[in-house]
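Chemist: Fold the following and give me the result.
(one chain, ligands or ions: 1)
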Amino acid sequence: MLNTMDTSHPCPLCGAATPFAPRYPRAVCPQCAAQACDSQGRPLAFYNEGMGGGFYAILRESGQPYPSHESFIRGRRCYAEEARLGGILIQVVD
Ligand SMILES: [Zn+2]
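Modeler: Numbers count the residues shown, from 1 in each chain. Got it, this is the predicted structure:
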């Protein structure tokens with residue numbers, strides 16, 4: 001798309017138009033974020049801890065806590081964090 005407005009950017013992993021926030025210039029799209037795994041390829045799920053925010057992650061299959069922000073999406077190293085306005089946001093770091 002040539003007419004890229006500054007409210008969206010291409011996902012750094014798949015190129016899909018993704019809402020853009022200047023604070024998170026390397027954020028991936030929701031479809032890629034849903035594929036986040038740990039370093040051994042186990043699917044992860046990320047959550048806000050409660051109404052006041054906070055961040056936690058689990059291994060989706062076992063439900064075990066995953067005490068890290070590091071994640072991998074299709075082999076790319078990423079960092080998951082609590083977004084400023086709520087929700088979870090994943091950015092590519094490599
Ligand atoms: Zn994507």
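
Chemist: Tell me how far stretch 64-83 lies from the chain's centre.
Modeler: Stretch 64-83 sits 7 Å away from the centroid of its parent chain (CA atoms, centre = their mean, to the nearest Å).

Chemist: Residues touching it, excluding its own?
Modeler: Stretch 64-83 has contacts (CB atoms under 8 Å, 6 or more residues apart in numbering) with 13, 24, 28, 32-33, 35-39, 41, 44, 46, 48, 53-59, 88-94. The way it works is simple: take the backbone N, C-alpha and C, and place the C-beta from them, glycine included.

Chemist: Give the buried residues for the helix or strand of the chain with the lowest mean pLDDT.
Modeler: Of all helical and strand segments in the chain, the minimum by mean pLDDT, DSSP states H and E falls on strand 17-19, at a mean of 89. Residues T18 are the ones in strand 17-19 that count as buried (16 or more other CB atoms under 10 Å).

Chemist: picking up where we left off before, where strands are concerned, which of the contacts of stretch 64-83 count?
Modeler: Using DSSP state E, the subset of the contacts of stretch 64-83 located in strands is 44, 46, 48, 53-59, 88-92.

Chemist: For ChimeraX, what selects the buried ones among those residues?
Modeler: A single ChimeraX command is used to select the members of the ones in strands among the contacts of stretch 64-83 judged buried by 16+ other CB under 10 Å:
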select :44,46,57,59,88,89,90,91,92
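
Chemist: picking that back up, just name whatever secondary elements the least confident helix or strand of the chain is in contact with.
Modeler: Applying 3 or more CB pairs under 8 Å, 6 or more residues apart in numbering; DSSP states H and E, one finds that strand 17-19 contacts strand 8-10.
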